[in-house]
Structures are given as C-alpha cells and as structure tokens.
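[1] coords below, sequence missing:
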Ligand SMILES: [Zn+2]
Ligand SMILES: [Zn+2]
C-alpha cells in the first residue's frame, strides 16, 4: 500500500504547475486535495486523512477486467440455458430455467417483478460487463459513445443486483424445503460464479485510470494547494470521473455528469430518510414476509 502522505508534504506549500495537475486528486470522502505518488503495479494510493482508497494501479489493467468480464458473461449464458432449480412437491416434479422466471412471473400477475428481475439481474449486469470489455480493450468507438458508456457503467454499478437475487433464492429455498424436495439445477453453480466474477471485474477497473484512458481531465487554470480541502479552494471533485472542477461549474466537461459542491438540505434529507427507514424496519421484522399455501 502506498500512502501519498510524503508527496503531500513536499508539495504542500508550493502551487503545483500545470504539469503536476495530472497527479492531483480530491478525496471523494473528505475533500482533501492529495498529490498522488507514482504508483507501482499492484499498489494503491489512500487518502492520508481518511484512508479512503483514491486510486489503484492493477497489474495488467486491461487484460484482468476483460478476462473477468468475459468469464462472467459466459457464466451468465450457462446460467440461462440450464435448469436453475428443480422441485418435487406432492408427487409433481418441475424445473425452472433462469430465462423462464419472468415468463412465470407475468403468468402469475407479477409483471412489475418480472421487469425488475430482467432489468436489475440480467440486463444491467450484462451491459456493465460488455462496457468493461469494450472500454478496457480500447475498441475503436466514437468518443461520445465511450464517455456515455463509462458514465452509465459507474452509475449502474449500484444497480447490479445479482447477489441480492441469489440471497432471495436461498431464503426461498429454506422456506420451500419444508414442503417438498428442492434441488439446485446445473445452472446454479454458474450463476454463483457469475455473481463473484462480475464483482471482481468491477473491482479491477480503477475509476480514475479508466477515465484518464478515455480522455485527459479538463485543465484547471488556478493554483491549488495540496493538503487543503477542495471546498476552501473553490474546487470540487466530479463524482463520476474524479476530475477537479471549479466549484461553480455544474456540468463536468469530461463525463457530462451534473454535480454540486453541497447538496441542498442534504443533512435534512439524510435524517428524514434515516428516520423513515428505522420506522419501517419495525413492521418489516414483526409482520410476516411470505405466505405459502
Ligand atoms: Zn480523505
Ligand atoms: Zn466528470
């Protein structure tokens, strides 16, 4: 692990020249301006104040994510073509494939659930894997399309719910075991591998590196002091591509994401949502979650 603390001491009183701006980064957690040291393969830079990982330099930054993403896609295909679970209840045997789940849900009048399943468990994860492959392999694509893909990739990251679906399946397993024979099909293991591989593929893509690879960060025509927060210097970090932008610039010129130094009423919103969730947590635990007949 490389800590950027030494560099921060070196630069802390001199305004870095334009050439140095490439190494600067605002900590996404605590807003401290940090000068990143040159990273060796396999090491990462952490914020000297809050220890958040700022950037990581992977061995084989292209081959590694491409390999994981390709394997994940292959596992997803396998998971869709073979039976996922089979059950024998009251003498009746039945098996279901992953691809049939939406069909069954629509037939049972759960069209909204079927849509959620298709979008969050199949389409978004598959899109993210394809995006990782295309971006890391440096496939010749229009710059606008690459920017869009990278932006959507990082926005979709939180919406990949493959492991949440797996957790749901396991809970239902336990519940249904009381009623009959439930067995895993031959696509269950590929699905579990898909969950692991897609997480790993995301892990191997460093946000800062990927954006730097697509397009250099926009230049900032003002001196910055390392070791002070961005807010005190009138700059902010782009939440999507980590570029340092003037505080009053709403849209990032590199990734076109909108952002603000401070979200309006963020403390009030956080508190309101937190209190509501705590209130809902009580009935969620006291009332039945599933009724089986
Ligand atoms: Zn920090
Ligand atoms: Zn940006």
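    Cool, got the structure. The structure presented is a predicted model; accordingly, all values stated were derived computationally and were not measured. Numbers count the residues shown, from 1 in each chain. Ligands and ions are numbered 1, 2, ... in the order given.

[2] Next secondary structure element downstream of the lowest-mean-pLDDT helix or strand in the chain?
    In the chain, no helix or strand scores lower on mean pLDDT, DSSP states H and E than helix 5-11, which sits at a mean of 40. Next helix or strand after helix 5-11 toward the C-terminus (DSSP states H and E): strand 24-26.

[3] Within range of ligand 2, give me the residues from this structure.
    238, 240-241, 243, 252, 254-255 (C-beta under 5 Å from the ion). Every residue, glycine included, has its C-beta placed from N, CA and C.

[4] rerun at 6 Å
    Counting by C-beta under 6 Å from the ion, the chain comes close to ligand 2 at 238, 240-241, 243, 252, 254-255, 257.

[5] Need these in JSON lines (columns: pLDDT and neighbour count).
    JSON lines is the format used below for the residues of the chain next to ligand 2 (pLDDT from 0 to 100; neighbours: other C-beta atoms under 10 Å):
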{"residue": "238", "pLDDT": "94", "neighbour count": "24"}
{"residue": "240", "pLDDT": "93", "neighbour count": "22"}
{"residue": "241", "pLDDT": "93", "neighbour count": "26"}
{"residue": "243", "pLDDT": "93", "neighbour count": "26"}
{"residue": "252", "pLDDT": "94", "neighbour count": "22"}
{"residue": "254", "pLDDT": "93", "neighbour count": "21"}
{"residue": "255", "pLDDT": "93", "neighbour count": "23"}
{"residue": "257", "pLDDT": "92", "neighbour count": "17"}
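
[6] I'd like to know how many residues surround residue 180.
    Residue 180: 14 surrounding residues under other C-beta atoms under 10 Å.

[7] Can you give me the pLDDT of the residue of the chain positioned farthest from its centre?
    Going by C-alpha atoms, centre = their mean, the residue of the chain most distant from its centre is residue 91, 43.8 Å out. Residue 91 carries a pLDDT value of 74.

[8] Same question for residue 17.
    45.

[9] Kindly report the same for residue 76.
    94.

[10] How much space separates it from residue 288?
    With the distance defined as C-beta to C-beta, to the nearest Å, residue 76 ends up 33 Å from residue 288.

[11] do the same with residue 56
    Distance of residue 56 to residue 288, given as C-beta to C-beta: 45 Å.

[12] neighbour count winner among those two?
    The neighbour comparison of residue 56 against residue 288 (other C-beta under 10 Å) goes to residue 56, with 21 against 5.

[13] where does that one land in three-state SS?
    strand (DSSP: H, G, I helix; E, B strand; the rest coil).
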